[in-house]
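Enquirer: Return a 3D structure for these sequence lines:
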Amino acid sequence: MLSIQPKTFQGGRGIQAEARKLRYAWMEEQLAAHGIFWGATAHTLDDQVETLIYRLLRSGLYPELRGIPYRRRRWLRPLLFTPRNEIIAYLRERKADYLLDTSNYTPKYLRNQLRWWILPPMYRINPAFKRTCIQRYEISQLQQKHLRRLYRHWESKSFLAKPYGEILVRNLPKDAFYYILKKRWGLDSHDLARLWLLWRAKHSGARYDREGFTYIRTPDGLARGSSTLWQPDWPALQLLPREMTFQWGYWHIKTGVTASPPSGALAWRVHQLRFPLTLRLWRLGDRLMPFGLQGRSKKVSDIWPEIGLYGFERQHAFVVEDAEGTLVGVVGYRVSQDTAWTAFSGESFYLRAQYGDPL
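Expert: You can find the predicted model right below:
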């Protein structure tokens with residue numbers, strides 16, 4: 001026999017939800033004890049209508065009507081399409097015993113308020129409301145079946161994997177946005193509403209933090225990653241003029257000394273660098289005197305949009321400074337005026353970096 005402890009009803013789920021959990025646990029015990037695989041409950045057409053209205057009130061932002069399924073795992077509901085009054089009339093006609101749960105008459109529960117106060121006037125206005133409601137629900141289920149297939153197709157083409165997480169890049173309509181992000185990212189209605197506004201505003205840099213995740217709007221889409229990665233604390237590294245290959249944070253980095261640096265690498269005239277160089281995350285206030293700017297300095301924060309670094313990638317961007325603390329380069333192939341490598345200039349020290357992908 002199932003043991004019921006007072007603490008069972010101490011929680012945030014509510015007494016009705018906990019009691020339902022206990023009932024099913026007891027019934028599962030009975031099935032197991034008697035070697036029965038299938039079980040049946042007496043949910044009726046009225047229960048289905050009440051559930052649809054209840055969930056519509058409580059979950060209005062969900063893109064679908066959610067009712068009671070005819071089957072859930074081993075449990076069947078053979079009376080789901082039969083009105084409650086017909087069942088009771090049948091039992092009375094045959095003088096069969098049945099019990100009524102007194103909690104069904106307690107007005108403090110929303111379902112009972114719907115059952116006794118809200119739905120009866122609706123039935124009087126439209127006596128066929130129950131059947132109409134179920135017909136609409138059945139059509140909705142068919143429509144949702146087709147929509148879910150479409151949503152799955154869109155989802156497969158809407159996200160790009162990133163080292164920090166992923167980014168939504170497809171311009172989804174609102175219904176698909178809510179459905180896909182709820183399922184994929186486990187968001188509730190409040191979160192979805194906030195992100196939808198952030199998404200539609202198209203304001204690059206707009207950010208939302210929720211339960212350990214950061215959501216950031218970029219020109220490419222809506223990025224999602226762990227909030228710990230929004231403020232990375234990767235330690236600074238020292239670089240010497242020799243060949244090295246290593247990983248730093250999400251960067252895969254290769255350095256070396258050569259007369260012909262690889263294409264796309266940061267490259268400096270080695271004899272004009274003051275080693276050791278330090279590779280570190282950039283900070284507000286950092287300035288660089290880039291090659292080609294004729295001796296004028298530029299804020300590093302103004303360089304990132306020029307080279308297309310936004311969101312988490314920008315948070316993870318780095319600079320290189322020399323032994324005297326002067327910046328000589330930034331990721332994105334910007335080097336300083338005084339140390340810039342040019343063709344036929346002799347040996348160079350180069351640094352090649354790729355974000356998230358091995359060299």
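Enquirer: Which parts of this structure belong to which domain?
Expert: According to automatic domain parsing, the chain comprises the domains 6-128, 157-229, 237-355.
Enquirer: can you redo these as TSV with distance to Y151?
Expert: (C-beta placed from N, C-alpha, C; glycine too.) TSV is the format used below for these (distance: least, CB to CB, whole Å):
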stretch	distance to Y151
domain 6-128	9
domain 157-229	5
domain 237-355	25
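Enquirer: how about TSV for those, with mean neighbour count added?
Expert: Putting those into TSV (neighbours: other CB atoms under 10 Å) gives the following:
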stretch	mean neighbour count
domain 6-128	13
domain 157-229	16
domain 237-355	17
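Enquirer: List the residues that contact the residue lying closest to R314 once chain neighbours are set aside.
Expert: Using CB to CB, 6 or more residues apart in numbering and skipping residues adjacent in sequence, the residue nearest R314 is W304, 5.0 Å away. W304 makes contacts with 310, 314, 317, 332, as judged by CB atoms under 8 Å, 6 or more residues apart in numbering.
Enquirer: is it true that the first one touches D220?
Expert: Going back to what we said before, that points to Y310. Yes. Contact criterion CB atoms under 8 Å: Y310 and D220 qualify, at 7.2 Å.
Enquirer: Helices of the chain, start to end?
Expert: Listed in chain order, the helices of the chain (DSSP state H) span 15-34, 45-58, 84-93, 110-113, 119-125, 129-156, 174-185, 189-201, 300-306, 311-315.
Enquirer: Which residues does the fifth one contact?
Expert: The contact list for helix 119-125 (CB under 8 Å, 6+ apart) reads 49-50, 53, 129-130.
Enquirer: can you do 10 Å?
Expert: With contacts defined as CB atoms under 10 Å, 6 or more residues apart in numbering, helix 119-125 is touched by 46, 49-50, 53, 113-114, 129-130, 133.
Enquirer: What of the last one?
Expert: Contacting residues not belonging to helix 311-315 are listed as 162-165, 167, 204-205, 207, 214-226, 229-232, 250, 281-282, 301, 304-305, 307-309, 331-332, 355-356 [CB under 10 Å, 6+ apart].
Enquirer: Find the residue at the geometric middle of the protein.
Expert: W185 (2.3 Å; CA atoms, centre = their mean).
Enquirer: was I right about it contacting F213?
Expert: Yes. With contacts counted by CB atoms under 10 Å, W185 reaches F213, the gap being 7.8 Å.
Enquirer: Now the common contact residues for those two.
Expert: 165, 191, 224.
Enquirer: what does the model give L65 for pLDDT?
Expert: Note for L65: predicted pLDDT of 70.
Enquirer: That one against L52, yeah?
Expert: Yes. Between L65 and L52 there is a contact at 5.7 Å, judged by CB under 10 Å.
Enquirer: Which neighbours do these two have in common?
Expert: Residues touching both L65 and L52 by CB under 10 Å, 6+ apart: 133, 136-137, 140.
Enquirer: right, and out of the shared contacts of W185 and F213, which lies closest to E29?
Expert: The closest of those to E29 turns out to be D191 (CB to CB; 38.1 Å).
Enquirer: just checking, that closest one touches L197?
Expert: No. At 11.1 Å, D191 and L197 do not qualify as touching, with contact defined as CB under 10 Å.
Enquirer: Quickly list what's touching both of the two.
Expert: Taking CB under 10 Å, 6+ apart as the contact rule, D191 and L197 both touch Y208.
Enquirer: do you know how far Y164 is from T102?
Expert: Distance, Y164 to T102, using CB to CB, to the nearest Å: 55 Å.
Enquirer: With Q238 instead?
Expert: Counting by CB to CB - Q238 and T102 are separated by 76 Å.
Enquirer: And W199, by the same measure?
Expert: According to CB to CB, W199 and T102 sit 49 Å apart.
Enquirer: got it, and E86?
Expert: With distances taken as CB to CB, E86 is found 22 Å from T102.
Enquirer: And for L187?
Expert: Using CB to CB, L187 is found at 39 Å from T102.
Enquirer: Next: Y178.
Expert: Counting by CB to CB - Y178 and T102 are separated by 39 Å.
Enquirer: what sits against W116?
Expert: 104-105, 107.
Enquirer: can you rerun that using 8 Å?
Expert: Contacts for W116 (CB under 8 Å, 6+ apart) come out as 105, 107.
Enquirer: How about P262?
Expert: 350, 352.
Enquirer: so what's it scoring on pLDDT?
Expert: At P262, pLDDT is 91.
Enquirer: how about it, phi and psi?
Expert: For P262, the backbone dihedrals (degrees, to the nearest 10) come out as phi -60, psi 150.
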